[in-house]
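Let me see the structure of the following:
(one chain, ligands or ions: 2)
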Amino acid sequence: MATVTFQQAREIVEREVCAARRPLRTEVVSLAEAAGRVLAEAVAADRDYPPFDRATRDGYAVRAADTPGALRISGQVRAGQEFAPSLRPGEAIEIMTGAPAPPGADAVGMYEHSRREGEKVSFERALRSGENFVPRGSEAAGGSVPLEPGQRVDYPEAALLASFGKQHVTVYCRPRVAILSTGDEVVEISQPPLRCQIRNSNAHSLAAQVRRAGGEPLLLPIAPDEPVRTLELIEGGLEADLLLLSGGVSMGKYDLVEKVLEELGARIYFDGVSMQPGKPLVFGRAGEKFFFGLPGNPLSTMVTFEVFARAAVELVGGAARAPLRFLHARLGTDFRHRAGLTRFLPAALSGAGAETVVNPVKWQGSGDVVSLTRANAFLVASADQSEWKAGDWIPVLPR
Ligand code: AMP
Ligand code: MG
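Ligands and ions are numbered 1, 2, ... in the order given. Below you'll find the predicted structure:
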């Protein structure tokens, strides 16, 4: 039916999920539980940050225009102490990191760059106004709103919330993401598989990915390749906020997922993407709910989740944006592929710092989970280039 390019598929997912957003359920959690959650409230600064003109070094608070000096030391101020008396021309006040600078001061000269003789101090050079000195309110003015709804709480946000004295915050409830694996050959992991059967690994990789994206995974029973039971399970899955199916979306005689979804009146935005792994990939909507029919090969399931469904989980969970960003690394070896498909290949980033290089990892195709446990990234080979030389920059998606 509709095969689209990788970029088109990304745009469709972001556009459709954003356009359909409704007010979400919220809950109040303690700051200690807020990491990884998405803010549902705007958070204003309770006072100016910093709340006073703050010294960022140990040394002497001065008027920059008076330097290099010799200035009379007229007092001392430590972190946690109230303001010292105003600084008069020709004076310096000894000051510690984090202490409020006295009125009149506009720079702090570091001990390391100063020479003290008795009650006088001079500096190696003239100081710039503003040096080692952060003016009151310059990071955030009291009442300004540095945190908006839709922002995920990570460690810097946790620090800011703590600074503002927010012991509790309102966050969006985690979106419930139903996971439905299909396939007659797939058995629950608690069951000993026959030789021709495989355990349901996709449900567990998806659950881990959903968790990482801020969702709450709900594992449904495995759907056999039979339409009546599949339909029943899909209907159940559509009660969640988002439905992820694995398997049953290729051209095989028993690939029923798309047919069953159409029977339910679903709208299908695309059912193929010119990428590998992950060529057969269904994205659609049934009623209010979006679903992905992810290809069943384990690496295909993982990659298509990462590059498409992850954004949907984040957006359905209230995130303001969910861009997919690639980094670039230098190839450690020549690399070629057949142009026409965007490829995501298991790859290893090695070396460190500016010496980091990326190399593809040997793999046996999109069923090879072992290869991916040895990889720490995907190398992204674009559809419109076929050859790269060792040392060339290439996009990577860290896993
Ligand atoms: P399908 O997309 O249904 O044609 O499945 C493609 C391949 O992925 C087949 O080799 C399946 O056995 C395998 N597969 C499908 N579903 C799962 C699953 N839940 N866990 C692990 N492998 C699966
Ligand atoms: Mg199947």
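
same question for the longest helix anywhere in the chain, mean pLDDT?
Counting residues, the longest helix found in the chain (DSSP state H) is helix 6-19. What helix 6-19 shows for mean pLDDT is 97.

which residues sit against it?
4, 269-270, 273-275, 281, 283, 285, 290, 307-308, 311-312, 315-316, 322, 324, 342, 383 (CB atoms under 8 Å, 6 or more residues apart in numbering). C-betas here are computed from N, CA, C, even on glycine.

got the buried residues for that helix?
6, 9-10, 12-14, 16-17 (16 or more other CB atoms under 10 Å).

What of stretch 339-347?
341-347.

What about those, which are in strands?
By the criterion of DSSP state E, membership of those in strands covers 342-347.

Could you check how many residues crowd around whatever residue of the stretch 1-150 of the chain ends up closest to ligand 1?
Proximity to ligand 1, evaluated over the stretch 1-150 of the chain using CB to the nearest ligand atom, is greatest for Thr3 at 16.4 Å. Neighbourhood size, Thr3 [other CB atoms under 10 Å]: 14.

Can you tell me how far it is from Arg374?
31 Å (CB to CB, to the nearest Å).

Count the residues that sit near Phe283.
26.

same thing with Leu379?
26.

quick one: it and Ala347 touch, right?
Yes. Counting by CB atoms under 8 Å, Ala347 is a contact partner of Leu379 at 3.8 Å.

wait, isn't Gly104 in contact with Pro85?
No. Applying CB under 8 Å, one finds Gly104 not in contact with Pro85, separated by 9.3 Å.

Compare these two (neighbour count), which wins?
Gly104 (17 against 13).

List the contacts of that one.
Contacts of Gly104 by CB under 8 Å, 6+ apart are 63, 86-88.

Who's the closest spatial neighbour of Gly69, skipping the chain neighbours?
Leaving aside its chain neighbours, Gly69 sits nearest to Ser122 (3.5 Å; criterion: CB to CB, 6 or more residues apart in numbering).

residues in contact with the one you found?
67-71, 114-115.

tell me which parts of the protein are close to ligand 2?
183, 247-248, 296 (CB under 5 Å from the ion).

I'd like these as a markdown table, with pLDDT, distance to ligand 1 and neighbour count appended.
Output for these, formatted as a markdown table (pLDDT from 0 to 100; distance: CB to the nearest ligand atom, whole Å; neighbours: other CB atoms under 10 Å):
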| residue | pLDDT | distance to ligand 1 | neighbour count |
| --- | --- | --- | --- |
| Gly183 | 97 | 4 | 20 |
| Gly247 | 96 | 3 | 29 |
| Gly248 | 93 | 5 | 28 |
| Gly296 | 97 | 3 | 26 |
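
In TSV, list those along with secondary structure.
Below are the residues of the chain next to ligand 2 laid out as TSV (DSSP: H, G, I helix; E, B strand; the rest coil):
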residue	secondary structure
Gly183	coil
Gly247	coil
Gly248	coil
Gly296	coil
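
is it true that Arg125 lies in a strand?
No. Arg125: not assigned to a strand; according to three-state DSSP it is coil.

what's the burial count for it?
There are 9 residues near Arg125, going by other CB under 10 Å.

For it, report the pLDDT, please.
pLDDT, Arg125: 95.

for Met1, same thing?
68.

and what of Tyr254?
pLDDT at Tyr254 comes out at 86.

ok, it - contacts?
184, 225, 248.

tell me which of the residues you listed is nearest to Ile93?
Gly248 (74.3 Å; CB to CB).

That closest one is in contact with Pro227, isn't it?
No. Counting by CB under 8 Å, Gly248 sits too far from Pro227 to count as a contact (10.5 Å).

shared neighbours of those two, anything?
What both Gly248 and Pro227 touch, as defined by CB under 8 Å, 6+ apart, is the set Leu256.

Pull up the overlap in contacts between Leu379 and Ala347.
358, 360, 396.

Glu314 falls within a helix, correct?
Yes. Assigned with three-state DSSP, Glu314 falls within a helix.

before we move on, the earlier item: what separation is there between the residue of the stretch 1-150 of the chain closest to ligand 1 and Phe378?
Applying CB to CB to Thr3 and Phe378 gives a distance of 21 Å.

Quick one, grab the pLDDT at Ala375.
97.

Up against ligand 1, what does the stretch 151-300 of the chain have?
Within the stretch 151-300 of the chain, the positions lying close to ligand 1 (CB under 6 Å from any ligand atom) are 181, 183, 185-186, 198, 200-203, 246-248, 250, 252, 295-298.

Quick check: helices, which of these are part of them?
202-203, 298.
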